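# Take this sequence and fold it.
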Amino acid sequence: MGLLQNKVCVVTGGAGSIGLASARRFIDEGARVMLVDLDQAQLDKAVALLSTPASDQVFGRAGDVADAAQVEASYEAVVARWGKIDVLFSNAGNAGRNARLESYPEDIFDRTLTIHARGAFLACKYGAPLMNDGGSIIITSSIAGVRGGNGVNMAYVTAKHAQIGVMRVAARALAGRGIRVNTINPGPVDNAFQTGIEVEMGQLIGINVTEQLNQTVPLKRHADASEIAGAVLYFASSLSTYTTGTVHMVDGGLMS
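Down below sits the predicted model:
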């Protein structure tokens with residue numbers, strides 16, 4: 001029997017590399033998974049990649065994680081289909097923009113903070129009442145949530161710090177029901193999202209950020225999305241029943 005046999009899981013940002021890799025691990029461990037993302041076409045592709053002979057094991061639903069009505073409707077849809085939620089992986093995010101502090105776009109700051117911090121808050125607010133006691137909420141933060149980065153992405157760094165605050169309050173608030181709430185904090189990951197950040201940052205500060213990171217990370221490389229998914233699976237499963245309120249680094253030793 002798998003670690004998540006017959007568990008109901010929700011993965012936001014489900015069409016991205018970490019969301020998709022985590023959903024694959026959940027399904028391999030016997031879970032049923034609803035993917036949430038903005039683009040229905042991308043969701044359809046993700047669902048096709050994850051489909052198994054058990055045809056009712058995965059489905060996708062388009063939605064904006066920062067819109068309360070859409071968040072609530074998504075969770076109600078999965079409960080109507082499969083029953084109460086056991087695992088909620090709040091993973092959706094955007095990259096913000098790299099720019100000097102004095103010229104940082106205020107609209108980018110507002111939208112990035114909304115997606116990450118409000119998104120995590122709404123996941124906890126609307127997800128927890130529809131969860132089974134003893135469930136798990138996992139929020140994707142970042143190493144940017146515990147440091148200032150290179151000083152050029154005010155929105156992303158601030159938003160990732162804010163998610164840790166959401167997690168800590170929710171972990172206390174939901175502990176009485178045995179619902180664990182934790183953040184995973186990846187370092188550099190080998191995916192299109194990270195590459196875009198590194199290229200833009202490198203153009204701004206005049207260095208090869210990818211090369212610099214690979215030299216700085218003790219393991220000397222970026223992570224594969226499947227390696228982040230392994231940490232997510234730990235928090236989703238019964239292996240972590242006494243772990244809540246934690247900031248869990250998955251960074252190749254970068255912050256050690």
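# ok so Met249 is a strand residue?
Yes. Assignment of Met249 by DSSP: H, G, I helix; E, B strand; the rest coil places it within a strand.
# Tell me how many other residues surround Gln212.
16 (other Cβ atoms under 10 Å). Placement of C-beta: from N, CA and C, glycine included.
# got a list of what it touches?
Counting by Cβ atoms under 8 Å, 6 or more residues apart in numbering, Gln212 touches no other residue.
# Can you give me the pLDDT of it?
Looking at Gln212, its pLDDT is 92.
# ditto for Ser55
66.
# Would you enumerate the residues in contact with Gly148?
Contacts of Gly148 (Cβ under 8 Å, 6+ apart): Val157.
# Tyr104 against Ala155, yeah?
Yes. With contact defined as Cβ atoms under 8 Å, Tyr104 and Ala155 form a contacting pair (7.2 Å).
# which residues do those two both contact?
Between them, Tyr104 and Ala155 share the contacting residues Arg97, judged by Cβ under 8 Å, 6+ apart.
# okay, the two: which has more neighbours?
Between Tyr104 and Ala155, counted using other Cβ under 10 Å, the more crowded position is Ala155 (26 against 16).
# correct me, but that one touches Thr114?
No. Counting by Cβ under 8 Å, Ala155 stays clear of Thr114, with 10.0 Å between them.
# Met255 versus Leu35, what's the distance?
Going from Leu35 to Met255 by Cβ to Cβ, to the nearest Å gives 30 Å.
# Thr52 too?
Thr52 is 37 Å from Met255, by Cβ to Cβ.
# go on, Asp224?
19 Å.
# how about Gly60, secondary structure?
Per three-state DSSP, Gly60 ends up strand.
# for Phe43, helix, strand, or coil?
For the record, residue 43 is Leu, not Phe. helix.
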